[in-house]
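# let's see this in three dimensions:
(one chain, ligands or ions: 1)
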Amino acid sequence: MAQQESGIVTSAPRSNKTMRSKIASDEINLLIPGGVNSPFRSFHEVGGHTIFFEKAKGAKLTDIDGNEYIDYLGAWGPAILGHAPDSVVKACNAAVESGAVFGAPNLLELDMARMVQKHFPSIQQIRFVNSGTEAVMSAVRLARGHTGRELLVMFDGAYHGHSDSVLASTSHQSSSGIPKESSNKTIMTPYNNLELLESTLSKHDGQVAAVLIEPVCGSMGVVLPTVQFINGVRILCDKYNILLIFDEVLTGLRVAQGGAQALFNVQPDLTTFGKALGGGMPIGAYGGKQEIMSSLMPIGDVYQAGTFSGNPVTMAGGVEVLKLLDNKDVYDTLETRTAQLFNGIEEYVDKRALPIQLQRAGSMFSIIFNDKPVWNFEDSKTIDAERFAKFFHIILDAGINFPPSAVDAACVSAAHTEEEISDTVAIINTALGQVFQ
Ligand SMILES: *Cc1c(COP(=O)(O)O)cnc(C)c1O
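Alright, predicted model coming up:
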């Protein structure tokens with residue numbers, strides 16, 4: 001019956017096509033602030049009501065009205081193999097059957113730690129937590145505790161989750177409710193600018209615990225570091241005896257199997273993970289040099305804990321994903337598909353000289369509505385959010401799901417087929433034609 005109804009609904013114009021989402025959206029707004037449990041999901045930037053999904057499999061999403069979408073949100077990063085890969089579902093189900101949480105060690109934690117270490121030689125020891133936010137929050141505390149210093153240096157436009165220390169006035173997201181004593185300890189500097197980083201570090205010589213960096217930025221458009229910059233950051237941290245933390249919550253596994261640190265061949269002291277690492281289960285992790293990790297309780301005096309940390313369901317999902325990623329074809333497919341997508345759009349954009357920048361690292365990408373490339377937060381301020389909003393709704397209506405934001409990274413998965421990509425190219429190019437006509 002549901003199928004029949006959705007069949008009728010699908011052929012109607014968009015306002016009716018997503019009627020159930022519209023109704024659910026009105027109702028949820030009364031109960032959950034802004035209708036979302038994470039503000040990124042809101043459509044406040046692009047307008048209209050959110051879409052409620054009921055199924056995600058491979059590269060496809062199905063909404064509660066029965067409409068299908070080819071997905072490039074990738075759940076904001078986790079769906080690197082597409083949604084609900086069979087063997088991951090099976091492994092997680094088996095873990096649930098055996099008891100979802102013990103509050104004591106399980107062997108999957110050991111498997112998982114070994115598998116991460118295999119691809120990330122900088123990780124001598126690791127702790128698993130439940131989100132990227134928790135991973136960054138814990139890594140920053142560890143860096144402060146280990147060095148006995150309080151200042152944290154990070155970059156304008158960066159996103160590192162929602163703990164107090166990393167929500168600064170020029171970060172991707174700022175917030176009220178953060179004590180001055182906390183925000184005063186965070187110093188912001190522009191991305192891709194070594195001179196200003198060095199002057200910050202020398203000005204606060206002996207006081208900076210860590211430099212926290214996204215080795216590829218995902219929240220001001222996908223912005224890559226120059227080779228000189230990412231190497232220079234490492235050199236400056238060594239020169240001033242400061243810990244370097246790579247936030248690889250999005251880039252780990254995504255830009256290369258060994259993360260951005262393998263891609264750029266730069267080794268951080270600490271790394272944070274999340275998103276794709278858990279096979280769709282809630283996860284975060286942080287790790288690095290044993291000497292630093294030994295400052296954690298119960299060995300050292302830096303406290304961090306968690307009832308659900310390292311739980312068997314998440315570990316089972318993670319182990320299975322890491323196994324699947326060991327298949328060399330996965331990264332070849334990710335590269336081939338993303339290149340196909342970009343080549344198809346680039347050809348159209350170049351022919352018409354549209355003010356569009358195509359920026360990507362591996363399978364994380366952005367179609368940036370700006371007339372020049374974006375290298376830092378300042379550059380990203382001229383991104384045309386209004387035009388993006390029009391584009392977003394045209395492609396959504398045509399069955400393409402994107403992040404509802406002009407600056408956030410989109411993702412290709414290994415489940416996207418050649419045909420799905422060529423359909424996507426056609427829809428995107430038509431939409432670009434419409435918004436720039
Ligand atoms: C998503 C993200 C986070 C936060 O992770 P959550 O799991 O959403 O808390 C932190 N850092 C980066 C780089 C991210 O992309």
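# P215 against V266, yeah?
Yes: judged on C-beta atoms under 8 Å, P215 makes contact with V266 at a distance of 7.5 Å. From N, CA and C alone the C-beta is placed, and that goes for glycine too.
# same drill for these two, tell me which one is more crowded.
Of the pair P215 and V266, P215 is the one with more neighbours under other C-beta atoms under 10 Å, namely 25 against 20.
# distance of the nearest residue to that one once chain neighbours are set aside from T200?
Of all residues not flanking P215 in the chain, A260 sits nearest, at 3.3 Å (C-beta to C-beta, 6 or more residues apart in numbering). According to C-beta to C-beta, to the nearest Å, A260 and T200 sit 22 Å apart.
# same check, this time on N29
Remark: distance between N29 and T200 (C-beta to C-beta) = 42 Å.
# repeat for L341
Separation of L341 from T200 (C-beta to C-beta) stands at 38 Å.
# do the same with R141
Relative to T200, R141 is positioned 21 Å away (criterion: C-beta to C-beta).
# what does T307 give?
For T307, the distance to T200 - C-beta to C-beta - is 38 Å.
# closest residue of the protein to the ligand?
G132 (2.2 Å; C-beta to the nearest ligand atom).
# once you drop chain neighbours, what's closest to that residue?
In this structure, G132 finds its nearest non-sequential neighbour in G274, 3.1 Å apart by C-beta to C-beta, 6+ apart.
# list the contacts of Q261.
For Q261, the contacting residues are F120, S122, P215, F246, E248, Q267, P268, T271, by C-beta atoms under 8 Å, 6 or more residues apart in numbering.
# which stretches of this structure form strands?
53-57, 60-63, 68-71, 125-129, 151-155, 186-189, 208-213, 243-247, 270-273, 284-288, 357-361, 364-368, 400-401, 410-411 (DSSP state E).
# overlap in contacts, P215 and V266.
Common neighbours of P215 and V266 (C-beta under 8 Å, 6+ apart) are I230, A260.
# helices along the stretch 1-150 of the chain, start to end?
Applying DSSP state H, counting those that start in this stretch to the stretch 1-150 of the chain gives helices spanning 2-10, 14-17, 19-31, 86-97, 107-119, 132-147.
# just these: most buried one?
Mean neighbour count (mean count of other C-beta atoms under 10 Å) peaks for helix 132-147 among the helices of the stretch 1-150 of the chain, with a mean of 24.
# from the contact counts, what lies against that one?
strand 125-129, strand 151-155, strand 208-213, strand 243-247, strand 270-273, strand 284-288, helix 290-293 (3 or more C-beta pairs under 8 Å, 6 or more residues apart in numbering; DSSP states H and E).
# hmm, 6 Å instead?
Counting contacts by 3 or more C-beta pairs under 6 Å, 6 or more residues apart in numbering; DSSP states H and E, helix 132-147 packs against strand 208-213, strand 243-247, strand 270-273, strand 284-288.
# I'd like the ones you listed laid out as a markdown table, including distance to the ligand and mean neighbour count.
Converted to a markdown table, the helices and strands packed on helix 132-147 look like this (distance: least, C-beta to the nearest ligand atom, whole Å; neighbours: other C-beta atoms under 10 Å):
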| stretch | distance to the ligand | mean neighbour count |
| --- | --- | --- |
| strand 208-213 | 9 | 26 |
| strand 243-247 | 5 | 28 |
| strand 270-273 | 7 | 29 |
| strand 284-288 | 6 | 28 |
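# I'd like to know which of those is closest to Q434.
Of all these, it is strand 243-247 that lies closest to Q434, at 36.6 Å by C-beta to C-beta.
# what ranges does the stretch 301-437 of the chain have for its helices?
For the stretch 301-437 of the chain, the helices defined by DSSP H, counting those that start in this stretch occupy 312-325, 328-352, 377-380, 385-397, 418-435.
# neighbour count winner among T307 and T200?
Neighbours were counted for T307 and for T200 using other C-beta under 10 Å; T200 has more, 19 against 8.
# please name the nearest non-neighbouring residue to the more buried one.
Distances taken as C-beta to C-beta, 6+ apart put T189 closest to T200, at 4.9 Å, once the chain neighbours are dropped.
# quick check: C92 vs G279, distance?
For C92, the distance to G279 equals 7 Å [C-beta to C-beta].
# joint contacts of these two?
Residues within reach of C92 and of G279 at once, by C-beta atoms under 6 Å, 6 or more residues apart in numbering, are G317.
# re earlier: can you report how many residues lie near the residue nearest to T200?
For T189, the neighbour count with other C-beta under 10 Å is 19.
# residues in a beta bridge with it, which ones?
T189 has the following beta-bridge partners by DSSP bridges: F155.
# wait, it sits on S199?
No: when contacts are counted by C-beta atoms under 6 Å, T189 is not listed as touching S199 (8.5 Å).
# ok so, going back, show me what contacts the residue of the chain closest to the ligand?
G161, V249, G274, G284.
# not counting its neighbours along the chain, what's nearest the first one?
Distances taken as C-beta to C-beta, 6+ apart place T133 nearest to G161, at 3.1 Å, with adjacent residues excluded.
# what do you get for the last one?
By the measure of C-beta to C-beta, 6+ apart, the closest residue to G284 outside its immediate chain neighbours is A135, 3.5 Å from it.
# hmm, K275 and that neighbour touching each other?
No: counting by C-beta under 6 Å, A135 stays clear of K275, with 10.2 Å between them.
# and the pLDDT for the closest residue to S182 other than its chain neighbours?
Leaving aside its chain neighbours, S182 sits nearest to D164 (4.6 Å; criterion: C-beta to C-beta, 6+ apart). Confidence at D164, expressed as pLDDT, is 96.
# and D164, how many residues sit next to it?
When neighbours are counted by other C-beta under 10 Å, D164 comes out with 17.
# how far away is it from F102?
According to C-beta to C-beta, D164 and F102 sit 31 Å apart.
# go on, I23?
From I23 over to F102 the distance is 41 Å, taken as C-beta to C-beta.
# and what of P215?
34 Å.
# center of the protein, which residue is that?
Of all residues in the chain, the one closest to the mean position by C-alpha atoms, centre = their mean is L250, 3.5 Å from it.
# which ones are touching it?
Applying C-beta under 6 Å, 6+ apart to L250 gives the contacts G77, G218, K275.
# verify the stated contact: the first one with K275.
Right, G77. Yes: the criterion here is C-beta under 6 Å, and G77 meets it with K275 at 3.5 Å.
# the more surrounded of the two?
More neighbours surround K275 than the other of G77 and K275, with 26 against 22 (other C-beta under 10 Å).
# so that one makes contact with G74?
No: counting by C-beta under 6 Å, no contact exists between K275 and G74, whose distance comes to 8.8 Å.
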